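Trainee: the following block contains a protein sequence and its predicted model.
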Amino acid sequence: MSGNILHVILGFIVIGATSVQISQAVDSQLLTFLLNEMSNFRTSSLAMENEINELKTAIATLTSHNNQLQGLVTSLNSQCRDCEQHLLGNVSKLNSDIQTIARATNTSVLYVVRKHEVFEEHIEKLLANQSKDFKTQIQNFSSHPVIFSVHGSAGDKLQFSGIKFPQVSIDTPPNYNVATGVYTVPEDGYYTLRITDGILRSLKNLSPFMVDGHRQTGCYGLDQTNNAFSVCQIYVYLRAGQRVWTQDSLEFIHTNTTVFSGWKM
């Protein structure tokens with residue numbers, strides 16, 4: 001009888017030891033699982049923090065670009081208003097001159113009135129075209145962040161090796177070198193190159209634009225009046241790193257009001 005009891009007691013002891021070993025194995029697996037989950041969570045948290053920092057940087061860059069564009073839009077609107085006021089002042093002066101002529105003499109009054117009407121029609125068309133041109137520029141500036149516009153080169157000296165414009169209205173991203181007059185293309189794409197207020201004899205399908213030392217074609221000299229033009233514009237595919245500038249030639253001469261600009265389409 002006592003021998004059977006001893007066997008039973010030994011059996012309980014073996015079962016208890018086995019249960020303790022199984023419990024320790026389960027606890028070890030659970031601890032490993034929790035450590036792995038914590039490591040994965042920490043990795044995910046770091047990745048999310050990096051993404052948040054990148055988004056903050058991108059938002060700051062976009063805000064800076066937007067402020068520059070807003071400043072340019074304000075400047076263009078101011079120029080448009082000044083131009084309109086100047087032209088309206090000319091119309092008012094012409095009206096006054098016509099009245100003076102009418103009081104002084106009765107000859108050719110009808111002719112002068114007709115010329116005045118033609119002049120007013122011309123002014124209205126000019127204002128409409130100028131307003132349309134400004135709106136087009138504003139739309140292009142707002143939708144194309146790759147843009148530059150420079151001016152301020154003195155018109156008293158020819159620059160056959162490259163015109164240097166010291167004044168920068170906008171340069172986003174900053175790739176125009178005022179010391180050399182060269183604009184370095186920041187990225188591949190189709191670009192509009194534009195120059196205003198120059199004097200020409202005959203471009204013959206050439207332009208004052210140079211790309212890596214090669215003169216570009218495509219500009220006939222738009223709006224020619226008395227050996228001058230108001231706009232010369234070409235469209236060209238450029239690659240990142242190419243160098244673009246303008247230069248005087250026998251066919252083209254810049255003035256102190258010439259503006260050189262370009263943007264990616």
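Mentor: All right, it came through fine.

Trainee: okay, and the helix or strand of this protein with the least pLDDT?
Mentor: helix 109-143 (a mean of 68; mean pLDDT, DSSP states H and E).

Trainee: adjacent strands (with direction) for the following helix or strand past it?
Mentor: Counting by DSSP states H and E, the element after helix 109-143 in chain order, helix or strand, is strand 147-151. Partner strands and pairing direction for strand 147-151 (DSSP bridges) are strand 167-172 (antiparallel), strand 252-264 (antiparallel).

Trainee: next one: the shortest one to chain centre, how far?
Mentor: This points to strand 167-172. With C-alpha atoms, centre = their mean, to the nearest Å as the basis, strand 167-172 stands 10 Å off its chain's centre.

Trainee: I'd like the next helix or strand past that strand.
Mentor: Heading C-terminal from strand 167-172 (DSSP H and E), you reach strand 176-177.

Trainee: that older thread, mind putting the strands paired with strand 147-151 into JSON lines with distance to S45?
Mentor: Where C-beta positions appear, they are placed from N, C-alpha and C, glycine not excepted. Listed next are the strands paired with strand 147-151 as JSON lines, based on distance: least, C-beta to C-beta, whole Å:
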{"stretch": "strand 167-172", "distance to S45": "35"}
{"stretch": "strand 252-264", "distance to S45": "39"}
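
Trainee: to T196, which of these lies closest?
Mentor: strand 252-264 (4.8 Å; C-beta to C-beta).

Trainee: alpha carbons of the closest one, as PDB, please.
Mentor: These are the backbone C-alpha positions of strand 252-264, laid out as PDB (Å, rounded to 0.1, in the frame of the first residue of the first chain):
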ATOM      1  CA  PHE A 252      20.200  92.400 -83.900                       C
ATOM      2  CA  ILE A 253      21.200  95.100 -81.300                       C
ATOM      3  CA  HIS A 254      19.800  95.200 -77.700                       C
ATOM      4  CA  THR A 255      18.700  98.400 -76.000                       C
ATOM      5  CA  ASN A 256      18.600  99.500 -72.400                       C
ATOM      6  CA  THR A 257      15.000  98.400 -72.100                       C
ATOM      7  CA  THR A 258      15.600  94.900 -73.500                       C
ATOM      8  CA  VAL A 259      14.200  92.000 -71.400                       C
ATOM      9  CA  PHE A 260      15.400  88.400 -71.800                       C
ATOM     10  CA  SER A 261      13.200  85.700 -70.300                       C
ATOM     11  CA  GLY A 262      12.300  82.000 -70.700                       C
ATOM     12  CA  TRP A 263      10.200  79.300 -69.100                       C
ATOM     13  CA  LYS A 264       9.600  75.600 -69.300                       C
END
